[in-house]
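Peer 1: sequence-free structure coming up:
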Ligand SMILES: [Zn+2]
């Protein structure tokens, strides 16, 4: 039995028909995790859907109402890039409930993994890029509301920029503080965030890191606390170097009580929606690096999966299963 929990439901499946998003990946990952012997049935716990009040910690009442009553405009549905249905909305409420549970379990056990979630493009008042509800932001706000955390760090390693996260948790700056430019052209990491001790006790402070392909969706990339705009074709060594630097810089400025790791499988070289050149082995090293750094700083890690669109869905499944394997190796 693992010393931590995996959060999973068959109902994570997204009813979106034939789509580049492999909605069946959650079931395939669950199956592979059991068949490979990495996990056993007792390692999994089943989430409940988030309450509307939880969703409303992040999203506007108007948007939630539109989702629940099927009254999004055609433009809003188009922007979501997944076909609207009430079943779809239920699946996203469940994913958010899963991330809340994962955050709770991570705070208890040191690490926990939602075998789903990571919908980092969702905005407070609309959905974008396959993301309807920002489950990670909901989980952070719920943990803060319960008085369990004041400071969280998001480490977004999906190949696409975490625009929703950056909008929901804009970098905290003193008025007049110059906004450093984002760049991956040198080894200087620009941090756009005041040190945490500058903020009042009890106030939620979220430090956001996004490592993403510069020439990729979304076109507009709102500033995170740290943005790494990676060039096309970035390989394992280059990526791991940037990640290591980003984490070092972030932990110099900020002491989180929870690290929310979005372990996107789409920086993979065979990804249909990505343009980086990472290998399956390199992605596992990435997972290990994030978890090792968190463990060294004694910060609990909550994992969500985000994207993954490999030409062969089995590769996406392998990459996501390896994240659990990395957690098992580091936290056992
Ligand atoms: Zn992605």
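Peer 2: Alright, I've got the coordinates. Source: prediction; values computed, not measured. Numbers count the residues shown, from 1 in each chain.
Peer 1: list the contacts of the spatially closest residue to residue 225 that is not a sequence neighbour.
Peer 2: The shortest distance from residue 225 to any residue other than its chain neighbours is 3.9 Å, reached at residue 193 (C-beta to C-beta, 6 or more residues apart in numbering). C-beta coordinates here come from the backbone N, C-alpha and C atoms, glycine included. Contacts of residue 193 were listed using C-beta atoms under 8 Å, 6 or more residues apart in numbering, and they are 171, 172, 173, 207, 225, 226, 253, 254.
Peer 1: just give me the neighbour total for the closest residue to the third one other than its chain neighbours.
Peer 2: Right, the one you point to is residue 173. The shortest distance from residue 173 to any non-neighbouring residue, by C-beta to C-beta, 6+ apart, is to residue 194 (6.0 Å). If you count neighbours by other C-beta atoms under 10 Å, residue 194 ends up with 18.
Peer 1: list the contacts of the closest residue to residue 272 other than its chain neighbours.
Peer 2: Excluding the flanking residues, the one nearest residue 272 by C-beta to C-beta, 6+ apart is residue 309, at 4.5 Å. Shown in contact with residue 309 (C-beta under 8 Å, 6+ apart): 20, 21, 22, 266, 271, 272, 273, 274, 316.
Peer 1: just the residues you listed that are near the ion?
Peer 2: residue 266 (C-beta under 5 Å from the ion).
Peer 1: what subset of the contacts of residue 309 is buried?
Peer 2: By neighbour count, with 16 or more other C-beta atoms under 10 Å, the contacts of residue 309 hold 21, 22, 266, 271, 273, 274, 316 as buried.
Peer 1: what residues does stretch 318-327 touch?
Peer 2: 2, 4, 6, 25, 29, 32-33, 36, 38-39, 111, 113, 115, 263, 265, 268, 280, 283-284, 287-288, 291, 301, 303, 305, 308, 310.
Peer 1: can you tell if it touches the ion?
Peer 2: No - counting by C-beta under 5 Å from the ion, the ion is not contacted by stretch 318-327; separation bottoms out at 12.3 Å.
Peer 1: ok, of the contacts of residue 193, which come out buried?
Peer 2: Neighbour counting with 16+ other C-beta under 10 Å marks 171, 172, 207, 225, 226, 254 as buried within the contacts of residue 193.
Peer 1: of those residues, the lowest pLDDT goes to which?
Peer 2: Lowest pLDDT among those: residue 172, with 83.
Peer 1: correct me, but that residue touches residue 205?
Peer 2: Yes - in terms of C-beta atoms under 8 Å, residue 172 counts as a neighbour of residue 205; the distance is 6.1 Å.
Peer 1: report the longest strand in this structure, please.
Peer 2: strand 205-213 (DSSP state E).
Peer 1: so after that strand, what's the next helix or strand?
Peer 2: strand 226-230 (DSSP states H and E).
Peer 1: partner strands of that following strand, with direction?
Peer 2: Here strand 226-230 has these sheet partners by DSSP bridges: strand 205-213 (parallel).
Peer 1: for the ion, see how far away the residue nearest to residue 272 is.
Peer 2: 8 Å (C-beta to the ion, to the nearest Å).
Peer 1: just residue 8 next, same as before
Peer 2: 20 Å.
Peer 1: okay, buried residues for the biggest helix by length in the chain please.
Peer 2: When the chain is parsed with DSSP state H, its longest helix is helix 86-109. Under the neighbour-count criterion of 16+ other C-beta under 10 Å, helix 86-109 has 88-89, 91-107 buried.
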